[in-house]
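*Asks:* dropping a prediction and its sequence here:
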Amino acid sequence: MPSLPGVASLLRMPENSTQAARDDRPEESRRARLSRIFDEDAELYDRARPGYPPELYDDLEELAGVGPGSRVLEVGCGTGQATVPLAGRGCRITAVEAGPRMAAVARRNLAGAPAVEVVTAEFESWPLPEEPFDALVSATAFHWIDPAVRIVKAADALRAGGALAVVRTQHVWGGTEEFFVEVQRCYERFDPDTPPGLRPPAAADVDASDHVAEVTRSGRFGPTVFRRYEHDLTYTTSEYLDLLRTYSGHRALPEAARNGLFECVAGLLDGRYGGRVTKRYLIELGVSHRR
């Protein structure tokens, strides 16, 4: 299987890559290291990262029974991008977040939601409560969980018939297309691992077979049902740089290379695109029910 994406791949697949991590020690170490980078600036993450479309929550209710009174375990809640809307729909939520700064911001954002508890812990080692959950939701975070643990522990956390709902996000072809062609020169200059001619994939070409295979191999879940949503977001130069600063692969670059990359991106945006860029996202919801 392909490895986790570097900064070059992050141009088209931010942290939420649909690629599966290889279960070997060097890759495991890289996955764990990159997953911790988000916590360095939780306030920036909270400000820059987008939320999810309302239709996703409608489908979560339809497909996973995530609605008023349902008992939900959220894995990797971040600063609450999905937790806040779920709480607004009347869910009782235990949200597990490994990053202490991220968890602190999530608690602040959920201060008015008494039915939500934010737990600072790694899901892999967090002791499951005795009462099983109706649903486990993980939004743009499940791929950071140890692949040797995540599916089995998700099943253990759920009641019979409970739903595993995994949300994955990817940058796909669309929006300001020419910018994403031209900006590759910046990546090729400052990140030597950038393959030449890298382009975001078309939404129709994004493959979910890796997730399906992982769920199927476990033998713990039934078939996975998918819903997909495409939407465009437009950023100013400063907003787009803030977004890039939340991506683990960009943050992991040496400081000089990272600063050079951001200056190159900003120069291109301001010089040729009027200081604005539109990025197209593909958001994919996969729901599987515990046998």
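*Replies:* Sure thing, it's come through. Just so we're clear, the structure is a prediction, and the values are computed from it rather than from any experiment. Numbers count the residues shown, from 1 in each chain.
*Asks:* buried set for stretch 229-249?
*Replies:* Of all the residues in stretch 229-249, those buried under the rule 16 or more other C-beta atoms under 10 Å are 229, 235, 237, 239-249. Where you see a C-beta, it was placed from the backbone N, CA and C, and this is true even at glycine.
*Asks:* export the residues you listed to a markdown table and tack on distance to residue 200, pLDDT and secondary structure?
*Replies:* As requested, these are arranged in a markdown table below (distance: C-beta to C-beta, whole Å; pLDDT from 0 to 100; DSSP: H, G, I helix; E, B strand; the rest coil):
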| residue | distance to residue 200 | pLDDT | secondary structure |
| --- | --- | --- | --- |
| 229 | 16 | 98 | strand |
| 235 | 15 | 98 | strand |
| 237 | 19 | 98 | helix |
| 239 | 19 | 98 | helix |
| 240 | 15 | 98 | helix |
| 241 | 18 | 98 | helix |
| 242 | 20 | 98 | helix |
| 243 | 15 | 98 | helix |
| 244 | 15 | 97 | helix |
| 245 | 20 | 96 | coil |
| 246 | 18 | 95 | coil |
| 247 | 14 | 94 | coil |
| 248 | 18 | 89 | helix |
| 249 | 15 | 88 | helix |
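*Asks:* redo those as CSV? Include distance to residue 161.
*Replies:* Shown next, in CSV, are the buried residues of stretch 229-249 (distance: C-beta to C-beta, whole Å):
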residue, distance to residue 161
229, 25
235, 41
237, 48
239, 42
240, 43
241, 45
242, 42
243, 38
244, 41
245, 41
246, 36
247, 37
248, 35
249, 38
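*Asks:* farthest pair in the residues you listed?
*Replies:* 229 and 237 (26.4 Å; C-beta to C-beta).
*Asks:* just confirm residue 224 is within a strand.
*Replies:* Yes - Residue 224 forms part of a strand when assessed by DSSP: H, G, I helix; E, B strand; the rest coil.
*Asks:* list the contacts of it.
*Replies:* 208, 211, 212, 215, 286, 287, 288 (C-beta atoms under 8 Å, 6 or more residues apart in numbering).
*Asks:* please identify which of those residues is nearest to residue 65.
*Replies:* The shortest approach to residue 65 among the contacts of residue 224 belongs to residue 287, at 9.6 Å (C-beta to C-beta).
*Asks:* just the element for the closest one, please.
*Replies:* For residue 287, the host element (DSSP states H and E) is strand 276-290.
*Asks:* quick one: list the elements packing against that strand.
*Replies:* With contacts defined as 3 or more C-beta pairs under 8 Å, 6 or more residues apart in numbering; DSSP states H and E, strand 276-290 has these neighbours: helix 54-64, strand 158-172, helix 209-218, strand 221-236, helix 237-244.
*Asks:* partners of the second one in the sheet?
*Replies:* Using DSSP bridges, strand 158-172 pairs in its sheet with strand 133-139 (parallel), strand 276-290 (antiparallel).
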